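> A predicted structure for the sequence below; I have some questions about it.
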Amino acid sequence: MRAFQILLLSFFPLLIQSSYAFDNSEEISTRNLIIGCSVCHGVSGEAVGEMPALNGYNESQLIKKMKWFAKSPENGAVMHFIAKGYSETDLAKIAKFYAKKP
Ligand code: HEC
């Protein structure tokens, strides 16, 4: 019985840790995606220098704009190549992040 209790207790921190990691993985992956944008658009999308602001950008509009950029090299000086390579899930996370920023 004692051995069982020790075994159970030794797994407990692992259980807490793994559920903690799971709870935050969505937020972490969003943060990682946003890092790529923040260099030019600011940490919260508030814009850096001449760059357009993304904070408060309507979710569906941002997704639409990213897809439009990706369509042709003529659509933007830099955004046409940046916009490529994001999955629908990535774009949804990015759009949700900026829509929530004041
Ligand atoms: C190297 C700098 C740079 C990075 C990094 C960057 N952008 Fe941009 N972004 C620009 C520039 C410059 C424009 C203006 C269009 C153009 O010239 O490509 C722009 C325009 C936009 C626009 C249109 C804004 C408007 O209202 O006109 C959106 C939306 C956008 N970027 C989203 C993003 C997202 C999302 C990311 C990250 C995945 C990102 N950008 C990363 C430089 C950047």
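All right, it came through fine.
> next, M51: secondary structure please.
coil (DSSP: H, G, I helix; E, B strand; the rest coil).
> looking at it, it is touching G42, isn't it?
Yes: with contact defined as C-beta atoms under 8 Å, M51 reaches G42; the gap is 7.5 Å. In short, each C-beta sits where N, CA and C put it, glycine included.
> span of stretch 69-79 from start to end?
This stretch, stretch 69-79, spans 6 Å end to end (C-alpha to C-alpha, to the nearest Å).
> near the ligand, anything from it?
Yes: with C-beta under 6 Å from any ligand atom as the criterion, the ligand is reached by stretch 69-79 at 76-79.
> so how do I select the buried members of those residues in PyMOL?
Per 16 or more other C-beta atoms under 10 Å, the buried members of these correspond to this PyMOL selection:
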select buried, resi 79
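> L54 and the ligand: what is the separation?
L54 sits 6 Å away from the ligand, going by C-beta to the nearest ligand atom, to the nearest Å.
> looking at the residues of stretch 69-79 next to the ligand, which are in helices?
M79 (DSSP state H).
> buried ones in stretch 29-38?
Using 16+ other C-beta under 10 Å as the test for burial, stretch 29-38 gives 30, 33-34, 37-38.
> all set now, cheers.
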